[in-house]
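**Student:** this one's structure only:
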């Protein structure tokens, strides 16, 4: 048996077994998603890290257009450094830079760049390493949202590390069952970076890399989760205005009568519902993303297995005190939107029912009026039919008179023409009346 090594464009190494004489397993048709699904599990492997080490992490808000441009720029940048760019459609990439590793990840609404390199053990949070990639040549793909500087040290390297943080918001936690200590104050320093310090006691390089990556994700996702709070804050005045206006409109419904007034109320309710639904639809993504990011933050804290150092505050306690109220505010605003939407729907349905009833009553009156007009028209038609019998009879009798005179002059044995005409009058009138009645009866049956 041989092990065949495959290296993907993202630097992921996979091993599959084969034999010199070929595989003994059958070949099946493979799903086009199989390779992507299997590769996703290994898409973000932990970077083994030693100490001392400096990690710089940036997250930028990116649109779809900016993400495509950033992908193209990273390809050019990687080639200029003697490497290869990310594969088309790839969302993860790594390349060597400045004696360290630059990692690129593209997400739904943000893009992260993370670089780790050797640190100066004598200068904790001092001047930035000169070899980092975030200089003049770096092209930011969007607005900066997260900026982190994380330092990895041994336990005996920095005896006065607490002086580098704000004592008012300092959190100190033992993680991974006490094999490492993490300190941060979640504040920006003079360079706009949030500082993290990891003091490694007995972690291996792989486990240390896992802890560092989870800390970076913790800071990234807790920042993204807070975006929902500002969306909720912006929506609250509009929701309050809608609630007051809805109360006023429902109060007017009790005293309003008449089709025109009810239709005006219905129009205002429909406009309010349209504006509310537009706002709810626009904020649905942000609130959904906020819940997802909050879940990731909680998962990362649980994975770190942190415990507060004696006399200090843990990261979980600090973030719960800050993040939990923001999440409850987002949930409350979303619930108010849903409740207001249901109330608007009920009020609109009730008012539409009133309008429909009034329209039906109006239609009933209109049909009654049409029925009366139809009856008058029928009577007029019957009168006209009586006159038409006389008129048709007159013309038929005239024709008989002409025929009788012509026959008399031609020598036929015909009685006197006047007598014939007079005798024909009642017969013709009765015949015409009978024919008209038959026609009217036939149409009435249909």
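**Tutor:** Now that the structure is in, tell me what you want to look at. In this text, all values refer to a predicted model and were calculated from it rather than measured experimentally.
**Student:** look up how far residue 110 lies from the residue nearest the centre of the chain.
**Tutor:** Most central residue of the chain, judged by C-alpha distance to the mean C-alpha position with C-alpha atoms, centre = their mean, is residue 285 at 5.0 Å. Shown here: residue 285 relative to residue 110, a distance of 14 Å by C-beta to C-beta, to the nearest Å. All C-beta spots, glycine's among them, are computed from the backbone N, C-alpha and C.
**Student:** do you know how far residue 338 is from residue 236?
**Tutor:** Residue 338 sits at a distance of 15 Å from residue 236 (criterion: C-beta to C-beta).
**Student:** which residues of the stretch 1-150 of the chain fall in helices?
**Tutor:** Remark: helices assigned in the stretch 1-150 of the chain by DSSP state H, counting those that start in this stretch are 34-41, 64-80.
**Student:** in the biggest strand by length in the chain, what counts as buried?
**Tutor:** Secondary structure of the chain read by DSSP state E shows that its longest strand is strand 143-154. Of the residues in strand 143-154, 145, 146, 147, 148, 149, 150, 151, 152, 153 count as buried by neighbour count, 16 or more other C-beta atoms under 10 Å.
**Student:** mind listing what the third one touches?
**Tutor:** It stands for residue 147. For residue 147, the contact set (C-beta atoms under 8 Å, 6 or more residues apart in numbering) comprises 57, 58, 59, 188, 191, 192, 193, 194.
**Student:** closest one to residue 388 out of those, please.
**Tutor:** Comparing the contacts of residue 147 against residue 388 with C-beta to C-beta places residue 59 closest, at 93.4 Å.
**Student:** tell me who's in contact with the closest one.
**Tutor:** Taking C-beta under 8 Å, 6+ apart as the criterion, residue 59 is in contact with 110, 111, 112, 144, 145, 146, 147, 220, 223, 224.
**Student:** any idea how far residue 154 is from the last one?
**Tutor:** Residue 224 sits 32 Å away from residue 154, going by C-beta to C-beta.
**Student:** ok, the fourth one next?
**Tutor:** The span separating residue 144 from residue 154 equals 31 Å under the rule C-beta to C-beta.
**Student:** next one: residue 317
**Tutor:** 27 Å.
**Student:** on that earlier part again, dump the helices of the stretch 1-150 of the chain to JSON lines, plus mean neighbour count, distance to residue 243 and mean pLDDT.
**Tutor:** As requested, the helices of the stretch 1-150 of the chain are arranged in JSON lines below (neighbours: other C-beta atoms under 10 Å; distance: least, C-beta to C-beta, whole Å; pLDDT from 0 to 100):
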{"stretch": "helix 34-41", "mean neighbour count": "11", "distance to residue 243": "45", "mean pLDDT": "72"}
{"stretch": "helix 64-80", "mean neighbour count": "15", "distance to residue 243": "36", "mean pLDDT": "92"}
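**Student:** out of those helices, which gets nearest to residue 173?
**Tutor:** Ranking those by proximity to residue 173 (C-beta to C-beta) places helix 34-41 first, at 28.5 Å.
**Student:** show me the two of the contacts of residue 147 that sit farthest apart.
**Tutor:** Applying C-beta to C-beta across the contacts of residue 147, the maximum distance is between 59 and 191, 15.7 Å.
**Student:** can you show me the helices along the stretch 151-300 of the chain?
**Tutor:** Along the stretch 151-300 of the chain, the stretches classed as helices by DSSP H, counting those that start in this stretch are 205-225, 227-255, 259-304.
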